[in-house]
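Q: Got a sequence here, can you build the structure:
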Amino acid sequence: MNWKRLAAATAILIVIAAAFWSYLVVTYESELGTSNVVQVDLTDSVSNSGTDNQLVSLDFSDGAEDLSWSSLEISFLIDDQSYGCSFGSQSNSEMEDSKVVPRLGADGQTFTTEVDATDSESYTFFDVAQQLESNESDYWMKFSSTDVYLDSDVTWAFVGGADFSEVQSLPEEMSNLTEDRIEWYEYDMAVHRVNPNDGVYVFAKDDLSFKVKFLTYYNEADESRYPTMQIASVGNSSFPALDNPDLVVPSPCKIVTDDQDADFWNANETIHLLENGENLCDGVCLIELEIKYETINVEIELSKFEIGQ
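A: The predicted structure is shown next:
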């Protein structure tokens with residue numbers, strides 16, 4: 001009888017443990033993103049045949065934090081056409097048919113780049129400087145599942161615990177050891193998730209240097225094997241990708257602000273989205289606004305609105 005009771009109790013404990021583990025997996029929340037809520041002001045919105053009209057003003061509700069421009073993506077839909085907003089340029093949406101998909105952030109200088117590493121039998125080769133899929137003879141990084149390797153010509157360093165905006169120059173000590181894969185993540189057994197290490201990598205090759213921060217291993221549909229990184233030049237390095245007209249085009253919507261802080265959308269700052277030499281809205285327009293921070297959608301109090309009424 002005691003054995004039967006013990007077996008029953010053990011079975012119950014197993015069921016409870018399994019249910020708890022399932023709960024952790026299902027309710028898992030990424031540390032990426034922000035709890036900020038964006039408020040929409042249409043008071044000064046204009047809709048006519050002009051090409052420099054103000055479309056909307058945006059600020060945060062109380063209790064907000066400062067958000068880095070390099071991690072922000074702002075866009076909107078008008079008549080099913082998507083337009084990016086930035087301080088200068090945006091990604092060319094026609095370049096998305098590739099295993100490497102770079103998206104230029106609102107700062108016009110930083111890419112958030114997703115790599116398709118779903119093939120566990122072969123590598124996806126990535127040219128960091130050009131922000132393009134490449135090949136075995138000319139690459140900076142190669143990806144397969146969680147495995148990430150560097151080309152033998154790349155020197156590198158890892159600045160542990162650093163924020164992306166804090167890394168402004170090459171570390172004094174750079175490693176040339178590239179035989180082993182980069183240990184860029186930790187595996188959380190409790191929820192079976194791959195979580196990037198806290199910090200920023202710096203890579204250098206051919207007089208070019210870049211800072212790279214791994215954000216996530218998952219795509220927007222939460223599918224694994226899609227490592228996603230923030231990438232910007234560091235030091236005095238140029239960034240060839242920014243000069244590629246097939247990859248980067250002028251943004252039809254520009255961000256205007258009186259704030260002098262070029263690194264952050266500050267918690268108390270109001271920004272204005274204006275047409276940038278292109279007529280986007282003439283007459284009554286239905287606009288759908290989307291804002292992402294660290295690849296995660298930001299809450300907007302009024303994400304769909306009309307102007308020109």
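
Q: List the strands paired with the host helix or strand of Ile231, with their directions.
A: Secondary structure from DSSP states H and E places Ile231 in strand 224-233. Counting by DSSP bridges, the strands paired with strand 224-233 are strand 111-115 (antiparallel), strand 208-218 (antiparallel).

Q: mind putting those in TSV, mean pLDDT included?
A: What follows is these, written out as TSV (pLDDT from 0 to 100):
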stretch	mean pLDDT
strand 111-115	97
strand 208-218	98
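
Q: The residue lying closest to Asp138 once chain neighbours are set aside: how many residues sit nearby?
A: Nearest non-adjacent residue to Asp138, counting by C-beta to C-beta, 6 or more residues apart in numbering: Asp127, 6.7 Å away. Just so you know, the C-beta spots here come from the backbone N, C-alpha and C atoms, and that holds for glycine as well. By other C-beta atoms under 10 Å, 18 other residues sit near Asp127.

Q: ok, now which ones touch Asp127?
A: With contact set as C-beta atoms under 8 Å, 6 or more residues apart in numbering, Asp127 has these partners: Glu133, Ser134, Asp138, Tyr139, Trp140.

Q: what's the spacing between the closest residue in space to the last one that isn't next to it in sequence and Glu173?
A: Closest residue to Trp140 apart from its sequence neighbours, by C-beta to C-beta, 6+ apart: Val128 at 4.0 Å. Here Val128 is placed at a distance of 20 Å from Glu173 (C-beta to C-beta, to the nearest Å).

Q: These two: who's more crowded?
A: In this view Val128 and Glu173 are compared by other C-beta under 10 Å, and Val128 has more residues nearby, 28 against 7.

Q: mind listing what the more buried one touches?
A: So Val128 contacts Trp140, Met141, Phe203, Phe210, Val212, Ile231 (C-beta under 8 Å, 6+ apart).

Q: Give me the phi and psi for it.
A: Per-residue torsions, Val128: phi -60, psi -40 (degrees, to the nearest 10).

Q: What separation is there between it and Val148?
A: Note on Val128: its distance to Val148, by C-beta to C-beta, is 12 Å.

Q: tell me, what's touching those two both at once?
A: Counting by C-beta under 8 Å, 6+ apart, the residues touching both Val128 and Val148 are Met141.

Q: for this structure, what spans make up the helices?
A: Counting by DSSP state H, the chain has helices at residues 2-26.

Q: pLDDT weak spots in it?
A: Within the chain, the stretches with pLDDT under 70 are 1-30, 93-96.

Q: per the record, what domains does it have?
A: Domains of the chain are assigned by automatic domain parsing as 37-88+251-307, 89-243.

Q: Turn those into TSV, including distance to Glu31.
A: Listed next are the domains of the chain as TSV, based on distance: least, C-beta to C-beta, whole Å:
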stretch	distance to Glu31
domain 37-88+251-307	9
domain 89-243	8
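
Q: can you pull the contacts of Glu306?
A: By C-beta under 8 Å, 6+ apart, the contact list for Glu306 reads Val284, Cys285, Leu286, Ile287.

Q: can you pull up the bridge partners for the second one?
A: So that's Cys285. Ile307.

Q: returning to that earlier point: could you export the strand holding Ile231 as CSV, CA atoms only?
A: Output in CSV follows, covering the C-alpha atoms of strand 224-233 (Å, rounded to 0.1, in the frame of the first residue of the first chain):
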residue,chain,number,x,y,z
SER,A,224,14.2,29.9,-33.4
ARG,A,225,17.5,30.0,-35.5
TYR,A,226,17.0,33.7,-36.6
PRO,A,227,19.8,35.5,-34.7
THR,A,228,19.2,39.2,-34.8
MET,A,229,21.9,41.9,-34.1
GLN,A,230,22.3,45.6,-33.8
ILE,A,231,25.2,46.8,-36.0
ALA,A,232,26.9,50.2,-36.4
SER,A,233,30.4,51.4,-37.3
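
Q: Centre of the chain to stretch 299-309, how far?
A: 24 Å (C-alpha atoms, centre = their mean, to the nearest Å).

Q: Tell me, how many residues neighbour Asn266?
A: Counted with other C-beta under 10 Å, residues neighbouring Asn266 total 17.

Q: List phi and psi for the nearest residue in space to it that is not next to it in sequence.
A: Distances taken as C-beta to C-beta, 6+ apart place Asp66 nearest to Asn266, at 5.0 Å, with adjacent residues excluded. Torsion angles at Asp66 (phi, psi; degrees, to the nearest 10) stand at phi -70, psi 140.
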